[in-house]
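Novice: what follows is a predicted structure for the sequence shown.
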Amino acid sequence: MTNSTINIVIENIKHYRKIRNLTQEKLSEISGISRDYLSEIERGKKTPSLKRLILIAKALDVEIYKLFIVNHQ
């Protein structure tokens, strides 16, 4: 993934997590991904694998493609 794509994914994960009123801790529980790892993803320190993106998208109840588009609609 390019840096701009990664930034879009990061912002979308934060966006959908916040509109669903989920903390990183709660998203961690739902997705099975550690809170520390989710925090690193949201801070741009880690780039999630496709497998983890699928888990995050399912936990956020969004289709995975929505994590890759700029428009949050």
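Specialist: Noted; the coordinates are in hand. Model, not experiment: these values are computed from the prediction. Numbers count the residues shown, from 1 in each chain.

Novice: what helix or strand is the residue nearest to the spatial centre of the chain located in?
Specialist: With distances taken as Cα atoms, centre = their mean, the residue of the chain nearest its centroid is I13 (3.2 Å). Assigned by DSSP states H and E, I13 belongs to helix 3-19.

Novice: and that helix, what does it pack onto?
Specialist: helix 35-42, helix 50-60 (3 or more Cβ pairs under 8 Å, 6 or more residues apart in numbering; DSSP states H and E). Heads up, the C-betas are built off the backbone N, CA and C, glycines and all.

Novice: how about those in CSV, adding distance to N7?
Specialist: As requested, the helices and strands packed on helix 3-19 are exported to CSV (distance: least, Cβ to Cβ, whole Å):
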stretch, distance to N7
helix 35-42, 11
helix 50-60, 14
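
Novice: can I get those in JSON lines with distance to K66 and mean neighbour count?
Specialist: Listed next are these as JSON lines, based on distance: least, Cβ to Cβ, whole Å; neighbours: other Cβ atoms under 10 Å:
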{"stretch": "helix 35-42", "distance to K66": "16", "mean neighbour count": "16"}
{"stretch": "helix 50-60", "distance to K66": "8", "mean neighbour count": "17"}
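
Novice: does the residue nearest to the centre of the chain really touch L55, like I thought?
Specialist: No: using Cβ atoms under 8 Å, I13 is not in contact with L55, being 11.3 Å away.

Novice: okay, now the nearest residue in space to L67 that is not next to it in sequence: neighbour count?
Specialist: Once flanking residues are discounted, L67 sits nearest to N12: 4.6 Å by Cβ to Cβ, 6 or more residues apart in numbering. Neighbour count of N12, defined by other Cβ atoms under 10 Å: 21.

Novice: same deal with M1?
Specialist: 13.

Novice: and it, what's its pLDDT?
Specialist: We have a pLDDT of 71 for M1.

Novice: thought it was touching I8?
Specialist: No: shown here, M1 and I8 do not form a contact pair, counting by Cβ under 8 Å, at 9.2 Å.

Novice: re the thing from before, tell me which residues in the helix holding I13 are buried?
Specialist: Buried positions in helix 3-19, judged by neighbour count with 16 or more other Cβ atoms under 10 Å: I8, V9, I10, N12, I13, Y16, R17.
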